[in-house]
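[1] kindly return the folded structure for what I paste below:
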Amino acid sequence: MPDETPRKDRSAAPGEETSDSPSEDRPGGQVPAPAPPADDLPGEDRPGDGPSGASSAAGASSAAGESGGAGESGGAGESGGAGESGGAGDSSTGHLGGGGRPGDIAGPPEDEPVPAPPGQPQAGSEPSGPPPSGGASERGAAPVPAAVGEQAAVGTPATGGRTVPDPAHDIEQRKREAGADQRFPFGRPGLPLGRAHPFVFGFTAALGVITAWLLVQAATNAKSVIVMIVVAMFLAVGLNPAVERLKRLGLSRGWAVGVVFFCVLLFFAGFVASLVPPLTEQVTELTKSLPDYIQQLRGNRRIADWDKRYHLLQQAQDKINEPKFQQKLATEALNVGKVALIGTFQGVTILILTLYFLGSLPQIKAFAYQLAPRTRRARVALLGDEILDRIGGYVAGQFTIAFIAGLTSYIFLEILDVPYALALALIVAVTDLVPLVGATVGAVIVCLVAFLTGTFEGIAAVVFYVIYQQVENYLVYPRVMKRTVDVQPAVTVVAALIGGTLLGVPGALLAIPTAAAISLLIREVVIPRQETL
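    Numbering: from 1, shown residues only. Purely as a prediction, here's the structure:
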């Protein structure tokens, strides 16, 4: 049980006069504030409304409270049965409950209002006039200077009558909010944006579209260069089986590549050597014989009648003598020379690229296979080798078919004694490399030359090439292509048509091996994956 401290009796002694002045015995002449209503006082038994002698600034002493009927003090100065006392700062006007000690001044009744001190408003009424200044504040409460409130409002903008803290004016607060430390002096970075984030998805899609458009534009501008590179790689892959066979015979790869490339150069040199002299001779002979041809045309009775009726020869001569016609003829001749020069340059470039690709084909294959994931690299290498073998087989098969066509044409033309048999045979062999239409183009050229030689020779050439086309299309070509690329005839025709439409002659050459590669990938990759779903 805590020690009880006897309450000081501040009542007036006998013979002393009590002062009614509210400012007496108080520092600064402060007037005590009116007591709060009875409902706001803590405790179980509240006294009636009246001024309390306890001061809020001096504090309530929980150990100095008086007990009522029980006589025992609580920790907060609360009386168990009778009432409560303020503590050490009680004034002479303090009140007690019904069980107060003798000599204490009893408070007013509970139902009667307590009169306010002079100069103070009645308790419970709204104060009028300006708020009390520092001298009129409550006892014990230090007045708050206006400068403090003004300093608190600096840097804190008012919003709706209240101040909101602004982190922009407090560096330390901003650092705390950002989680700054020695490792991250400017705050911890946030989580990275995921792929499903709208900004990341939109930015990636836009970047992909722009990149695709730029690639299409670049490929369109560099179409001729890309075609040369693809054709050179195609020829290198096609000639690689011959190089591998020479390596198995004991030659190094360098010597094997040299031998194969020398054979290719020899073929093209023979083709040019056999084709250029006849063309030069024919052009020279045509120039010399042109006046004789014109006289023969005039001597023909039917042509003479047409000339008298329609003046054909005169119109032709006037057309030839026109300056515009001569200028146009010169322009066309210049264009032909330009095309021939560009074709020669492209042919030489393709041969050089073929040589480089053929020499470094193993390194190119190894680099391409390294781009595949390591877990699938072995399977990719097997599929890639199979595709390259099929392309090489197709090229070898095409050269075989072209060689057969050229050899049979040369033998037939020599039997008929058609001039320039070797050049015509080489033309047939080169055009036969183009699928579907190449053999027909070569046959038409040979038949025209044969008709110029004689009617019998022309008819015999037509019959021979019709029969040969049937044999090649239904016996030779299917057997060679089935053994090399394993592509169905319908797929071959469709692929050749699509490739020729897109890229012309190079497209027709590349169409069938491309179809073979796609067919292999579908059979080995797509179909097994569909079976597992």
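[2] so what's Leu193 up against?
    Listed by C-beta atoms under 8 Å, 6 or more residues apart in numbering, the contact partners of Leu193 are Phe199, Val200. All C-beta atoms are positioned from the backbone trio N, CA, C, and that covers glycine.
[3] check which helix or strand it maps to.
    Under DSSP states H and E, no helix or strand contains Leu193.
[4] quick check, pLDDT for Val380.
    On the pLDDT scale, Val380 is placed at 91.
[5] tell me which element the closest residue to it other than its chain neighbours is part of?
    Ranked by C-beta to C-beta, 6 or more residues apart in numbering and with sequence neighbours excluded, the top spatial neighbour of Val380 is Ala372, at 4.1 Å. Counting by DSSP H and E, no helix or strand carries Ala372.
[6] just the pLDDT for Ala372.
    91.
[7] isn't it up against Leu383?
    No: using C-beta atoms under 8 Å as the test, Ala372 is too far from Leu383 to be in contact (9.8 Å).
[8] what's the burial count for Asp170?
    Other residues near Asp170 come to 14 when the count uses other C-beta atoms under 10 Å.
[9] let me fix that: Leu510
    Leu510: 22 neighbours (other C-beta under 10 Å).
[10] right, and the helix or strand after the host helix or strand of it?
    Following DSSP H and E, one finds Leu510 within helix 489-521. Following helix 489-521 in sequence order, the next helix or strand is helix 527-532 (DSSP H and E).
[11] which residues of the chain fall in strands?
    Ranges of strands in the chain, per DSSP state E, are 158-159, 162-163.
[12] and these, which one is worst for confidence?
    strand 158-159 - the lowest mean pLDDT of these, at a mean of 50.
[13] so the residue nearest to Val380 versus Pro362, what's the distance?
    17 Å (C-beta to C-beta, to the nearest Å).
[14] tell me which of these two has more neighbours.
    Ala372 (15 against 10).
[15] please report how far that one lies from Leu214.
    Ala372 is 26 Å from Leu214, by C-beta to C-beta.
[16] repeat for Ala378
    35 Å.
[17] sorry, back to before: look up phi and psi at the residue nearest to Val380.
    The phi/psi pair for Ala372 (degrees, to the nearest 10) reads phi -80, psi 150.
[18] would you list every one of the helices in the stretch 301-450 of the chain?
    For the stretch 301-450 of the chain, helices defined by DSSP state H, counting those that start in this stretch occupy the ranges 301-310, 312-321, 323-359, 361-370, 377-416, 421-431, 438-453.
[19] any chance of those helices in CSV, with distance to Ile294 too?
    As requested, those are exported to CSV (distance: least, C-beta to C-beta, whole Å):
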stretch, distance to Ile294
helix 301-310, 10
helix 312-321, 8
helix 323-359, 17
helix 361-370, 58
helix 377-416, 30
helix 421-431, 28
helix 438-453, 18
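[20] closest one to Val493 among those helices?
    helix 438-453 (13.8 Å; C-beta to C-beta).
[21] which other helices and strands does the closest one contact?
    helix 377-416, helix 421-431, helix 455-471 (3 or more C-beta pairs under 8 Å, 6 or more residues apart in numbering; DSSP states H and E).
[22] tell me where the model's unsure across the stretch 151-300 of the chain.
    Low-confidence segments of the stretch 151-300 of the chain (pLDDT under 70): 151-169.
[23] give the contact list for the closest residue to Ala429 other than its chain neighbours.
    Spatially, and ignoring its direct neighbours in sequence, Ala429 is nearest to Gly406 (3.0 Å; C-beta to C-beta, 6+ apart). Gly406 makes contact with Ala425, Leu426, Val428, Ala429, Asp432, according to C-beta under 8 Å, 6+ apart.
[24] wait, doesn't the fourth one sit right on Ala402?
    Yes: contact status for Ala429 versus Ala402: in contact at 4.6 Å, counting by C-beta under 8 Å.
[25] the more surrounded of the two?
    A count of neighbours by other C-beta under 10 Å puts Ala429 above the other of Ala429 and Ala402, at 25 against 21.
[26] which residues does that one contact?
    Ala402, Phe403, Ala405, Gly406, Ser409, Gly442.
[27] same question for Tyr356.
    Tyr356 neighbours (C-beta under 8 Å, 6+ apart): none.
[28] output stretch 178-185 as PDB, nothing but the C-alphas.
    Extracted C-alpha coordinates of stretch 178-185, given in PDB (Å, rounded to 0.1, in the frame of the first residue of the first chain):
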ATOM      1  CA  ALA A 178      14.200   5.800 -51.800                       C
ATOM      2  CA  GLY A 179      16.100   3.400 -49.600                       C
ATOM      3  CA  ALA A 180      19.500   5.000 -50.200                       C
ATOM      4  CA  ASP A 181      22.600   3.400 -48.700                       C
ATOM      5  CA  GLN A 182      26.300   3.000 -49.500                       C
ATOM      6  CA  ARG A 183      25.600   0.500 -52.300                       C
ATOM      7  CA  PHE A 184      22.700   2.500 -53.800                       C
ATOM      8  CA  PRO A 185      23.400   6.200 -53.000                       C
END
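[29] residues contacting that stretch, please?
    Counting by C-beta under 8 Å, 6+ apart, Phe186, Gly187, Arg188 sit against stretch 178-185.
[30] possible to save these as TSV with neighbour count and distance to Phe268?
    Shown next, in TSV, are the contacts of stretch 178-185 (neighbours: other C-beta atoms under 10 Å; distance: C-beta to C-beta, whole Å):
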residue	neighbour count	distance to Phe268
Phe186	9	69
Gly187	14	71
Arg188	10	70
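[31] what separation is there between the nearest residue to Glu524 once chain neighbours are set aside and Arg483?
    Using C-beta to C-beta, 6+ apart and skipping the chain neighbours, the partner closest in space to Glu524 is Leu383 (6.3 Å). Applying C-beta to C-beta, the value for Leu383 to Arg483 is 20 Å.
[32] looking at those two, which one has more neighbours?
    Leu383 (17 against 10).
[33] OK, contacts around that one?
    Leu383 sits in contact with Leu520, Leu521, Glu524, Val525, where contact means C-beta under 8 Å, 6+ apart.
[34] Leu452: neighbour count?
    Neighbours around Leu452, by other C-beta under 10 Å: 12.
[35] now do Ala146, the pLDDT please.
    44.
[36] which parts of stretch 415-426 are buried?
    Leu416, Val418, Tyr420, Ala421, Leu422, Ala423, Leu424, Ala425, Leu426 (16 or more other C-beta atoms under 10 Å).
[37] before we move on, what about stretch 505-520?
    Buried, per 16+ other C-beta under 10 Å, within stretch 505-520: 505-517, 519-520.
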